Every structure is written in structure tokens, then in C-alpha cells.
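**Student:** give me a 3D structure for the following:
(2 chains)
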Protein chains: 2
Amino acid sequence: MDDVHQAAERIAPYVYQTPSIPSEPCSRCLGCEVFIKAENLQHIGAFKARGATNAVFQLDEQAAARGVVTHSSGNHAAALARAAALRGIPAHVVMPSNSAAVKIEAVRALGVEPQFCEPNAESRQRVAEQLQQQTGATMIHPYDNPSVMAGQGTVALELLQQVENLDVIIVPVGGGGLLAGVLTAAKSIQPNIAVYAAEPSWADDAYRSLRSGRIEQPSRYDTIADGLRSPLGENTFPIIQHLVDDILLVSEEAIEQAKETLLKQVHIVAEPSGTVALAALATSFPLCTGKRVAVVVSGGNIDWPTK
Amino acid sequence: MDDVHQAAERIAPYVYQTPSIPSEPCSRCLGCEVFIKAENLQHIGAFKARGATNAVFQLDEQAAARGVVTHSSGNHAAALARAAALRGIPAHVVMPSNSAAVKIEAVRALGVEPQFCEPNAESRQRVAEQLQQQTGATMIHPYDNPSVMAGQGTVALELLQQVENLDVIIVPVGGGGLLAGVLTAAKSIQPNIAVYAAEPSWADDAYRSLRSGRIEQPSRYDTIADGLRSPLGENTFPIIQHLVDDILLVSEEAIEQAKETLLKQVHIVAEPSGTVALAALATSFPLCTGKRVAVVVSGGNIDWPTK
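**Tutor:** Numbering: from 1, shown residues only, chains lettered A, B, ... in the order given. Below is the predicted model of the structure:
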């Protein structure tokens, strides 16, 4: 918890305190009071700005001067590029060759040319390690890194300041960095709060891990929620296992439906991974009847069809 | 200004203090610091909730019991229906038969069945006046009503609290309720702030009115910004004439472009009228180089194509 408080102070000048938007249409429809923690409005369009900024600004001068390196198909790549630019240090970013065009462009717009690798975990790891050895840069893992997890936890700090008497928080889970950070902060400040994770049925590895007691691997990689295809990490899993109230599975159809609701009723753009918490609330709404519920919309970067 | 302060206090329990979102991509692109005052995230999806709520809660008990009536093709209709429901009084809403489906549905979702009229100003006026005579309800004009104008002015109060050292505010102008309210509040609190109005070239009546010194009528009604097709009012025009720094015209293409920027870079949904302030900044950006600029995104209710 101290790490989360320190992260909040460290990243305050660089990160936007996103709003918790009350939604009357969602509240009417779901029978609870719904607040949308809109991390799609965060800098680089996702909560990943928090953890990456915390990790970069936590480095000592010497390590920082050698730069940072990561592998990411998505928002962490842009987040690290931005954080490194803010600190004035080099960033090396390895991206799978099939990454979404919008996410590649986002990294380039921040002045970093990504290094491409084959679209599999081995190639990502290998190319990133090579870069690390060549440059002496510090590896900043997208989620299984304590500084990153502490940074993501600031989402919960803000939520509990912004919404009084909150009963439930629902958070998407991929590798578990956001979930572990939110659990740490929320349960420390308000031990009786319920925190549910939301996960696509097509990427139910966290759900299975919670039940088996060890880190399970995804069995397929085709959910539309491309940010949630990673397995849990050695650092994130124990916190999640210890603190999460449950993991709620959602269908691909529910993800699509939540995206439409956010566009038409809340007037925000969410990427598929970002809609999963609302999809879980819509799927499991009797769990929350009459309660005050925050759903974290984790990001808004989607590949728009070209005309 | 006292009216705006009183409005802020009166509507506080019912209206959302929308965020002023900082946009780094827009700032980089336009050479100034851009903040988006996101009234598309307001209840009913538009700033109109402010003015209508202020007008409804300002009525004395006797008048309130007889209800309220208005004519509106758009967001004011839903705003008045919501405000009346919150106070527990009847609302009568006259809508042109060609109103956007999403706006008709919004009124119905709030429990009010609209009364339809021919799509012209005479028919709107006549049907609304008939309803008023039949019911004794108080007419709440969509913009040319001092209570409504004071309510809309709370947008500027919040902006100046949320963004320090703001240099410029850009606001869309249709009938001028929002603009007159914002001018009153902003220039009273910070006399040296610049407030520009943004108006489609295809609905340039306010621009011409400012130059001729009298209320000019629109010469065409086909701008995509359907919320900005009204002429200025007897109450709004003198304030605008006295206080506005200038009126900036924008093309239909610039409106479309600003809508895309808001979707892809800021991750919010704006209706065409809601994008006009950003379109004006993009068109006239040298005016604002190096400054801190707030653009008001006035609403987010758009008719989505059915699949």
C-alpha cells in the first residue's frame, strides 16, 4: 500500500486523474448505481500510463541514463515510450509484427521506432533480452513488475476519493497488473469493498488459476479483447489469489454489447479489453443489485476501419 | 453573475461536474494546450441538463405543480423531461416530426411521450402555446430564457475551477444560451479571458448578427450540426454582442474531421454540434498558439446507423 501511495505522488505531474462518470442509463438498466472509471481518457488512452510512468521515474539516475526496454503488443509500449520521453531517456520497444496499427502508430508518434518480432512469447522475450544486453537498459515488464503494479493501483486510490460509499469495483484481468494494484489499494483503504475481476470466457486462464491454485496458461488466443490474452505473472498471481472476491467470465457477445452501450449511452470509446468490466456487470448484475459499483474502462485505443 | 452562482448551487445535486480532459495529441497537433470540457458526459448527454434543471427548480411550488412545456428538436427536450421527473412535476414536450430518433427515444426513456408537430418554427410555437393554455404549464424556452442561460453558465464556472490559467474558451453557438451563460460567468471571473464562439459556415446567422448589430435569421438549415440551426434570441443576443471576442466559422468538413479526432484521439463520442468548437480551434489555431485553450464539447447524442 505504501508503494501505491508513493506511486500516486511520483506520477501526479504526468498522469491524468480520470473521471468516474455516473451513468443514469446504465444504472436504470442494471439496477445499481454505475460509475465508469474512464481510463480510456488517460494519456496514451489507457491506464498503462500509470505503471510505466511510476517504473521509469523510480529508476536511479544511473540506471535511467541507460534507458528502458519492454515487449508489448499494445498500450504498455506507448506508455513506456511516453514515460521515457518525459524523463528524457531512451526507450526500446519490441512489438509483435501483427500488433494493431493504431498501437504501432501511437509509439511512433511518441518518437520511438518499435523493433518488430515474431508474434509469439518466445520471440518477444528473446528480442527484448537481446536489446537489454546490447544497451544495458532496464527491462520494464508490462505487468509482472512491482513498480508497474503499484502505479496501476492508483486507479483505486482515485476511485475511492471520487465516489463515496462505493460497494464494488470491477476490473478487467489479463496479466493482472491492474487487478493486483487495485486489490492492494482498495482492500487496504476499505477492507469490506468487493473487487471482482472480469475476464473473457475465451481467455479464462485467470479464472482457472484461481480455482487450481497455480498459474494456468490461456488455452486459446482469439478473444476480441486483445489486451487480456496474457497469463498471470509470478508477482500478480499471489495478490489476486489472496484478495480477489471472484473472477466473472464474459462472452464475446457481451463484450460487443458493452462496447455499444459505452458508445451510445455513455458517449465514450472503449477498446474491447476496456469494455469487459461493464460486460461482466451486465452479465452478473444480480450480484450488484442496489449497490454502488465502479467499472474500470481500461483503455480506448481501437483500430478504426479505414473508409 | 449572481444568477450563475445561484444556478450552480441549485443544480449541484442533479448535474454532473463534467471533466476538462487534457489532450496531448490535440495539443501537439494544434500548438496549444487543449482541454476538452466534455458535456457529452453530462446527464442526458448534453449541457442542456444544466439550464433545464435550473429553470425547473427555480419555479415556485404553485407554478411547478402545473408543470412545464417546451418545444425542442433535441437535447433540451430530454433535459426538461429529466428535470421535471426529478422535481416530480409534469413535462409537455413538443418535437418536430423529423427529430432524430435517438432524441425522441431519450425523451420516452424519461417517461414523457412527446407531442409531435410539423417541422417548422410556426408549428412548434403554435402547438406549444396550445399545450400551455390547456395545462397552465410554464414555458421553458430552450435558450432564450434567463434561468436557462444562467444554468448553462455553470459550464464556465467549472472550467475556471478545473483548469488553471486558462487563456481561451471556445463554445458552439446556436441560439446562444450556452454562449451567453459562459460569457457572463467567464468574463466576470476573469475579465481578460478570450471567449470565442464557433458556428458552422452553413448556419452563420450569429456571425452576421454580430456584424450587422441585429438578430439575423439563418439562410439555410442543412448543416450537419443540427443543434446549431436556431437564430439568436432577444435575451442572448445583447450579452453576446457585448462580450464575445469573435465568432469563428467552420466548414462541414472541419466538423467531420473534429468528430474523428474526438473519437480516435480523445476517445469520446460527440454529436456534430458538439464538435464545432474543436473544429474552430483546428481551423483558426494560429489565434491560440502557445495558449491554454478549453473547447466545449456540448453533447454526444447521435443517431447511430442501424446495422
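**Student:** correct me if wrong: A:Cys177 contacts A:Tyr143.
**Tutor:** Quick fix: residue A:177 is Gly, not Cys. Yes: between A:Gly177 and A:Tyr143 a contact is recorded at 3.1 Å, counting by CB atoms under 8 Å. The way it works is simple: take the backbone N, C-alpha and C, and place the C-beta from them, glycine included.
**Student:** mutual contacts of those two, please.
**Tutor:** A:Gly51, A:Met149, A:Gly233, A:Thr236 (CB atoms under 8 Å, 6 or more residues apart in numbering or on different chains).
**Student:** switch those over to JSON lines; also include pLDDT and neighbour count.
**Tutor:** Shown next, in JSON lines, are these (pLDDT from 0 to 100; neighbours: other CB atoms under 10 Å in any protein chain shown):
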{"residue": "A:Gly51", "pLDDT": "98", "neighbour count": "34"}
{"residue": "A:Met149", "pLDDT": "98", "neighbour count": "31"}
{"residue": "A:Gly233", "pLDDT": "97", "neighbour count": "21"}
{"residue": "A:Thr236", "pLDDT": "98", "neighbour count": "30"}
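**Student:** adding secondary structure and distance to A:Val182 as columns, could you present the residues you listed in a markdown table?
**Tutor:** Formatted as a markdown table, these follow (DSSP: H, G, I helix; E, B strand; the rest coil; distance: CB to CB, whole Å):
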| residue | secondary structure | distance to A:Val182 |
| --- | --- | --- |
| A:Gly51 | helix | 12 |
| A:Met149 | helix | 10 |
| A:Gly233 | coil | 15 |
| A:Thr236 | helix | 11 |
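**Student:** what about A:Glu158, distance to A:Val4?
**Tutor:** A:Glu158 sits 11 Å away from A:Val4, taking CB to CB, to the nearest Å as the criterion.
**Student:** those two: which has the busier surroundings?
**Tutor:** It is A:Val4, of A:Glu158 and A:Val4, that has more neighbours when counted by other CB atoms under 10 Å in any protein chain shown, with 24 against 20.
**Student:** hmm, A:Ala185 and that one touching each other?
**Tutor:** Yes: applying CB under 8 Å, one finds A:Val4 in contact with A:Ala185, separated by 4.7 Å.
**Student:** which neighbours do the two share?
**Tutor:** In contact with both A:Val4 and A:Ala185: A:Gly153, A:Thr154, A:Ala156, A:Leu157, using CB under 8 Å, 6+ apart.
**Student:** I'd like the residues you listed as a markdown table, with pLDDT and secondary structure appended.
**Tutor:** What follows is the shared contacts of A:Val4 and A:Ala185, written out as a markdown table (pLDDT from 0 to 100; DSSP: H, G, I helix; E, B strand; the rest coil):
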| residue | pLDDT | secondary structure |
| --- | --- | --- |
| A:Gly153 | 98 | helix |
| A:Thr154 | 98 | helix |
| A:Ala156 | 98 | helix |
| A:Leu157 | 98 | helix |
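**Student:** filter these down to the ones near chain B?
**Tutor:** Among those, no residue lies close to chain B (CB under 8 Å from any CB of the partner chain).
**Student:** residue nearest the centroid of chain A?
**Tutor:** Chain A has A:Leu178 as the residue nearest its centroid, 4.9 Å off, counting by CA atoms, centre = their mean.
**Student:** residues contacting that one?
**Tutor:** A:Phe47, A:Tyr143, A:Gln152, A:Val155, A:Val171, A:Pro172, A:Val296, A:Ser298 are the contacts of A:Leu178 under CB under 8 Å, 6+ apart.
**Student:** which of the residues you listed come close to chain B?
**Tutor:** Counting by CB under 8 Å from any CB, no member of the contacts of A:Leu178 reaches chain B.
**Student:** and those residues, which two are the farthest apart?
**Tutor:** A:Tyr143 and A:Val296 (14.7 Å; CB to CB).
**Student:** which of those two has more neighbours?
**Tutor:** A:Val296 (29 against 25).
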